[in-house]
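Asks: Have a look at this prediction, sequence included:
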Amino acid sequence: AMKSVGEVMALGRTFKEALQKALRGLEIGSQGLGADNKSPGEGLIAIQDTPAAEKDRLMDLLRNRIRVPNCDRIFYIRAALKAGVRAADIIEWSKIDPWFIHQIEEILECEKKILSAGGAPPSREILLEAKRNGFSDVQIAFLLNSATPHPHPLPSQRGEGRAKPGVRGVLFVLWLSWTK
């Protein structure tokens with residue numbers, strides 16, 4: 001049987017920003033790399049809180065979802081990192097270059113910073129970091145337990161010397177390959 005292969009393209013000033021934009025472009029309902037309660041693997045994040053027998057079964061499931069390439073693999077990598085699985089184990093299971101796994105770890109660190117705001121509007125620095133890490137307004141609102149996304153930038157963050165919406169230059173590299 002024929003299988004269709006889809007692709008997305010996203011441009012950003014950082015890999016993390018482009019990755020989150022690309023995941024939004026998949027048209028699977030996800031707002032990016034998690035922080036929306038719609039990503040596959042969300043239920044596996046609480047592995048540490050499960051009984052030992054169930055924990056082993058869930059860990060095997062997580063390991064297999066990461067070992068075998070599939071369309072949801074990146075979401076299971078996120079779930080594993082959030083569940084406390086070491087990056088070295090994920091790298092060994094997936095054979096993915098460590099640089100990419102560390103980029104996902106940095107997205108999760110930023111997510112922790114947003115969560116540390118405790119529902120209050122995040123500081124300007126955290127908001128800017130979140131945007132540099134590709135978080136959408138919907139993801140930020142979800143992490144802040146807000147029913148509606150904050151417009152970007154937050155009204156309290158506008159003004160002289162503050163974050164301003166606009167188009168920025170993006171480094172675009174085109175690799176050409178020819179086949180003989």
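Replies: Structure's in. What do you need? Numbering: from 1, shown residues only.
Asks: how many neighbours does V138 have?
Replies: 17 (other C-beta atoms under 10 Å). C-beta coordinates here come from the backbone N, C-alpha and C atoms, glycine included.
Asks: Repeat that for T50.
Replies: T50 has 14 neighbours, counted by other C-beta under 10 Å.
Asks: if I look at it, how far off is M59?
Replies: 9 Å (C-beta to C-beta, to the nearest Å).
Asks: Equivalent analysis for K82, please.
Replies: Taken as C-beta to C-beta, the span from K82 to M59 is 14 Å.
Asks: of these two, who's got more company?
Replies: A direct count of neighbours by other C-beta under 10 Å for K82 and M59 places K82 higher, at 19 against 16.
Asks: residues in contact with the nearest residue to the more buried one once chain neighbours are set aside?
Replies: Nearest non-adjacent residue to K82, counting by C-beta to C-beta, 6 or more residues apart in numbering: I45, 4.6 Å away. Residues in contact with I45 (C-beta atoms under 8 Å, 6 or more residues apart in numbering) are A79, K82, A83.
Asks: So which residues of this structure form strands?
Replies: For the chain, no strands are identified by DSSP state E.
Asks: Tell me which residue is most central in it.
Replies: Taking C-alpha atoms, centre = their mean, the centroid of the chain lies closest to L33, which sits 2.4 Å from it.
Asks: top helix in the protein by residue count?
Replies: Criterion DSSP state H: the longest helix present in the chain is helix 98-115.
Asks: Report all helices and strands that it contacts.
Replies: On a contact count with 3 or more C-beta pairs under 8 Å, 6 or more residues apart in numbering; DSSP states H and E, helix 98-115 meets helix 15-24, helix 73-82, helix 87-94, helix 124-132, helix 137-143.
Asks: Name the residues of stretch 94-112 that are buried.
Replies: The neighbour-count check on stretch 94-112 (16 or more other C-beta atoms under 10 Å) flags S94, I96, I101, Q103, I104, E105, I107, C110, E111 as buried.
Asks: which stretches of this protein aren't confidently modelled?
Replies: 1-6, 46-48, 119, 146-180 (pLDDT under 70).
Asks: returning to that earlier point: so how far is the longest helix of the chain from its chain's centroid?
Replies: 8 Å (C-alpha atoms, centre = their mean, to the nearest Å).
Asks: residues touching P122, list them.
Replies: Per C-beta under 8 Å, 6+ apart, neighbours of P122: K113, I114, A130, I140, L144.
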